[in-house]
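Colleague: got a predicted model here, sequence first, then my questions.
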Amino acid sequence: MLAKKEGGFTLVEMMVTVAIGGVLLGVAVNSYASIRESTYVESAKEHVASIMQQARLRALSSGESQTVTLDLDNDTVDGISFDGDVDLQKIACSSSPQTLTNTGSETFTFTRRGSGTSKSIRFSSSSLSSVGVITVNGTTGRISVKDGC
């Protein structure tokens, strides 16, 4: 008489299931880290754009010059530091090959009549090639936030 077969999983089936789960978990963790970093840099970009917009509005309403200083060496804006891996770079959007500078400081001065010269700052991180650019129009002082130049 044949023995009754017990129900359950074999060791090979369990090992294959665990291996597939490990691969899926690895992909999910990598995607989460990338999304988190992108969101953090995007948030920093929007925060700096807000600081610049407030300075522009104060200059328009009060008639006095307002200054926003970006320290490219330490990646700070008016002394506000970003805890994550946010890299601020001055970018020349008008020249054909884009030239990047990430040393020194960059000052944006807003007056009632604009900001003097057009300037752009690129926001990125170590693993993301480019997250976005804030450009200040020298004539009007208007601030635009874009994905590129």
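Modeller: Ah, there it is.

Colleague: now tell me which helix or strand of the chain has the poorest mean pLDDT.
Modeller: strand 100-101 (a mean of 70; mean pLDDT, DSSP states H and E).

Colleague: please report how far the residue nearest the centre of the chain lies from Lys119.
Modeller: In the chain, the centroid-proximal residue (CA atoms, centre = their mean) is Val41; its distance is 2.4 Å. Distance from Val41 to Lys119, counting by CB to CB, to the nearest Å: 19 Å. Where you see a C-beta, it was placed from the backbone N, CA and C, and this is true even at glycine.

Colleague: show residues contacting stretch 14-32.
Modeller: Here stretch 14-32 makes contact (CB atoms under 8 Å, 6 or more residues apart in numbering) with Phe9.

Colleague: one more time with 10 Å, if that's ok
Modeller: By CB atoms under 10 Å, 6 or more residues apart in numbering, the residues outside stretch 14-32 that reach it are 8-10.

Colleague: can you show me the CA trace of it as PDB?
Modeller: What follows is stretch 14-32, C-alpha atoms only, in PDB (Å, rounded to 0.1, in the frame of the first residue of the first chain):
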ATOM      1  CA  MET A  14      11.300  27.800   0.100                       C
ATOM      2  CA  MET A  15      14.800  28.800  -1.000                       C
ATOM      3  CA  VAL A  16      13.400  30.000  -4.400                       C
ATOM      4  CA  THR A  17      10.700  32.000  -2.600                       C
ATOM      5  CA  VAL A  18      13.200  33.600  -0.200                       C
ATOM      6  CA  ALA A  19      15.600  34.500  -3.100                       C
ATOM      7  CA  ILE A  20      12.800  36.100  -5.200                       C
ATOM      8  CA  GLY A  21      11.700  38.100  -2.100                       C
ATOM      9  CA  GLY A  22      15.300  39.300  -1.500                       C
ATOM     10  CA  VAL A  23      15.600  40.500  -5.100                       C
ATOM     11  CA  LEU A  24      12.300  42.400  -4.900                       C
ATOM     12  CA  LEU A  25      13.200  43.900  -1.500                       C
ATOM     13  CA  GLY A  26      16.600  45.100  -2.900                       C
ATOM     14  CA  VAL A  27      14.900  46.800  -5.800                       C
ATOM     15  CA  ALA A  28      12.300  48.400  -3.600                       C
ATOM     16  CA  VAL A  29      15.000  49.800  -1.100                       C
ATOM     17  CA  ASN A  30      17.000  51.200  -4.000                       C
ATOM     18  CA  SER A  31      14.000  52.900  -5.600                       C
ATOM     19  CA  TYR A  32      12.900  54.300  -2.200                       C
END
